[in-house]
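Asks: sequence? don't have it. structure:
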């Protein structure tokens, strides 16, 4: 049975800032391989347009509808205000002069541009798109799926912007089904949003198929292994735990002073991180790499002896799967969805930086153990291919449209 889904998203590679775009791309490609036709609606800073992109070798196509908008993932009200003030008054009227107006603009235009589509189901990702999803589902009289990758509680350490929290709750209540990326996230929806657990389906994120076989670790030209390297890769925000990473680094450095700590990513906490590095006297051990490309990230994964994900509240954590796929042992937060699917790695509470440091030192010290983790951990990824995860989503579609 062929199914057509009208999907509203925030971002899609190559234009993306975080894991949501990567997850959206993986899901879309997986749906196409499962016989689902996708019309994907995205905010875009330039002209409204429609285009057709070849997505898979089998010539399946995704139809992309771009809505003129300055919305970006993870944007706060203040960040939008700063950005919109940089454009002309005329364009401010087009985009919306504040974040609520921008979301309303995206909702109205995206629904209008997709009235001629004939979807079987409407599927929307995270809070910025829930208004569009609700209106489109009502217009087309079709079932609504809201997909939650990260709640406002995750992003703010449970001190939410009440307006965003309200939009999320409205989307959850209006949905016929909710797809949560982990049981961790499902529990948050039940406990903090009052959602019926029977309405929530858990579909873990998948792993990119091209990274399923872990490569050999990089060595120096003279044949000796590089100095120990520990990697952090993610947005520099409270949610991702960069301060906890630095506190862990300080404790590891006491026992392994030659260890290098690479922090790859950008975000609003950069100034605070630089100050913390100086406070802990870690200037010789910590390198701030800034935003890295996918190719640069792959090189970092392969070179790292250990990857640490100390997130305070992580709905999933695709970066951990990427590290594992590249043969890098991982230390991950127990407060994460990915901890539900990783069987071979260290799991610690984000606040327990003593334990975190002990796990890192164990990996650096015990090479037989590190090699075992490099070999065993990637095997679990074969069950998390996006094509398989998309099959679960298609099954949800089928049950709704019967």
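Replies: Sure thing, it's come through. Please read all numbers here as calculations on a predicted model, not as lab measurements. Residues are numbered from 1 along each chain as shown.
Asks: and the helices in the stretch 1-150 of the chain?
Replies: Along the stretch 1-150 of the chain, counting by DSSP state H, counting those that start in this stretch, helices occupy 19-33, 77-84, 89-95, 99-113, 130-140.
Asks: now the angle between helix 77-84 and the fourth one, please.
Replies: Going back to what we said before, that points to helix 99-113. Relative orientation of helix 99-113 versus helix 77-84 (axes from the mean of the first three to the mean of the last three Cα atoms, to 10 degrees): 70 degrees.
Asks: buried stuff in helix 99-113?
Replies: 99, 102-103, 105-107, 109-111, 113 (16 or more other Cβ atoms under 10 Å). Where you see a C-beta, it was placed from the backbone N, CA and C, and this is true even at glycine.
Asks: is it true that residue 184 lies in a helix?
Replies: Yes - note on residue 184: a helix contains this position according to DSSP: H, G, I helix; E, B strand; the rest coil.
Asks: for residue 126, see how far away it is.
Replies: Using Cβ to Cβ, to the nearest Å, we find residue 184 at a distance of 16 Å from residue 126.
Asks: ok, residue 194 next?
Replies: 19 Å.
Asks: kindly report the same for residue 140.
Replies: 21 Å.
Asks: so these two - more neighbours on which side?
Replies: residue 126 (24 against 19; other Cβ atoms under 10 Å).
Asks: now the phi/psi pair for the more buried one, please.
Replies: Torsion angles at residue 126 (phi, psi; degrees, to the nearest 10) stand at phi 60, psi 170.
Asks: shouldn't it be in contact with residue 20?
Replies: Yes - with contact defined as Cβ atoms under 8 Å, residue 126 reaches residue 20; the gap is 6.4 Å.
Asks: what count of nearby residues applies to residue 399?
Replies: 12.
Asks: my read is it is in a helix, agree?
Replies: Yes - assessed by three-state DSSP, residue 399 belongs to a helix.
Asks: residues touching the closest residue to residue 77 other than its chain neighbours, list them.
Replies: Nearest residue to residue 77 in three dimensions, chain neighbours excluded: residue 99, at 4.7 Å (Cβ to Cβ, 6 or more residues apart in numbering). Counting by Cβ atoms under 8 Å, 6 or more residues apart in numbering, residue 99 makes contact with 75-77, 80-81.
Asks: for residue 99, give me the pLDDT.
Replies: For residue 99, the model assigns a pLDDT of 88.
Asks: and it, how far is that from residue 132?
Replies: When residue 99 is compared with residue 132 (using Cβ to Cβ), they lie 15 Å apart.
Asks: residue 79 now?
Replies: 21 Å.
Asks: contacting residues for residue 322?
Replies: Contacts of residue 322 (Cβ under 8 Å, 6+ apart): 207-208, 211, 297, 301.
Asks: between the buried residues of helix 99-113, which is closest to residue 90?
Replies: residue 105 (14.0 Å; Cβ to Cβ).
Asks: how deep is the closest residue to that closest one other than its chain neighbours tucked in, by neighbour count?
Replies: In space, and not counting its chain neighbours, residue 105 is closest to residue 96: 4.5 Å by Cβ to Cβ, 6+ apart. When counting by other Cβ under 10 Å, one arrives at 19 neighbours for residue 96.
Asks: now do the phi/psi pair for residue 96.
Replies: Torsion angles, degrees, to the nearest 10, at residue 96: phi 110, psi 130.
Asks: got a list of contacts for stretch 246-264?
Replies: 227-234, 236, 242, 245, 273, 276-277, 280, 282, 285-292, 296-297, 300, 304, 308, 310, 353-354, 356-357, 360-361, 364.
Asks: my bad, stretch 87-97
Replies: Contacts of stretch 87-97 (Cβ under 8 Å, 6+ apart): 68-70, 84-85, 102-105.
Asks: one step back: nearest to residue 188, of the contacts of residue 99?
Replies: residue 76 (20.2 Å).
Asks: drop anything exposed from the contacts of residue 322.
Replies: For the contacts of residue 322, a neighbour count by 16+ other Cβ under 10 Å gives the buried set as 207-208, 211, 297, 301.
Asks: what's the farthest-apart pair in those residues?
Replies: Taking Cβ to Cβ as the measure, the buried ones among the contacts of residue 322 span a maximum distance of 14.2 Å, between 207 and 297.
Asks: got the contacts of stretch 87-97 as a markdown table, with pLDDT and distance to residue 136 columns?
Replies: Shown next, in a markdown table, are these (pLDDT from 0 to 100; distance: Cβ to Cβ, whole Å):
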| residue | pLDDT | distance to residue 136 |
| --- | --- | --- |
| 68 | 86 | 18 |
| 69 | 86 | 16 |
| 70 | 82 | 21 |
| 84 | 79 | 25 |
| 85 | 79 | 31 |
| 102 | 89 | 18 |
| 103 | 93 | 15 |
| 104 | 93 | 14 |
| 105 | 91 | 15 |
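Asks: tabulate the residues you listed in TSV, adding columns for distance to residue 155.
Replies: Output for these, formatted as TSV (distance: Cβ to Cβ, whole Å):
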residue	distance to residue 155
68	26
69	20
70	19
84	21
85	23
102	18
103	16
104	21
105	22
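Asks: tell me which of those residues is nearest to residue 349?
Replies: Minimum distance to residue 349 across these is 34.9 Å, recorded for residue 103 (Cβ to Cβ).
Asks: any idea how far that closest one is from residue 15?
Replies: 19 Å.
Asks: among the contacts of stretch 246-264, which ones are in strands?
Replies: Judged by DSSP state E, the contacts of stretch 246-264 include 229-233, 286-290, 308 as members of strands.
Asks: redo those residues as CSV? Include distance to residue 333, neighbour count and pLDDT.
Replies: Shown next, in CSV, are the ones in strands among the contacts of stretch 246-264 (distance: Cβ to Cβ, whole Å; neighbours: other Cβ atoms under 10 Å; pLDDT from 0 to 100):
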residue, distance to residue 333, neighbour count, pLDDT
229, 20, 20, 98
230, 15, 27, 98
231, 15, 25, 98
232, 12, 28, 98
233, 14, 23, 97
286, 20, 24, 98
287, 22, 14, 98
288, 21, 17, 97
289, 21, 16, 97
290, 23, 12, 95
308, 9, 30, 98
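Asks: this completes my enquiry, with thanks.
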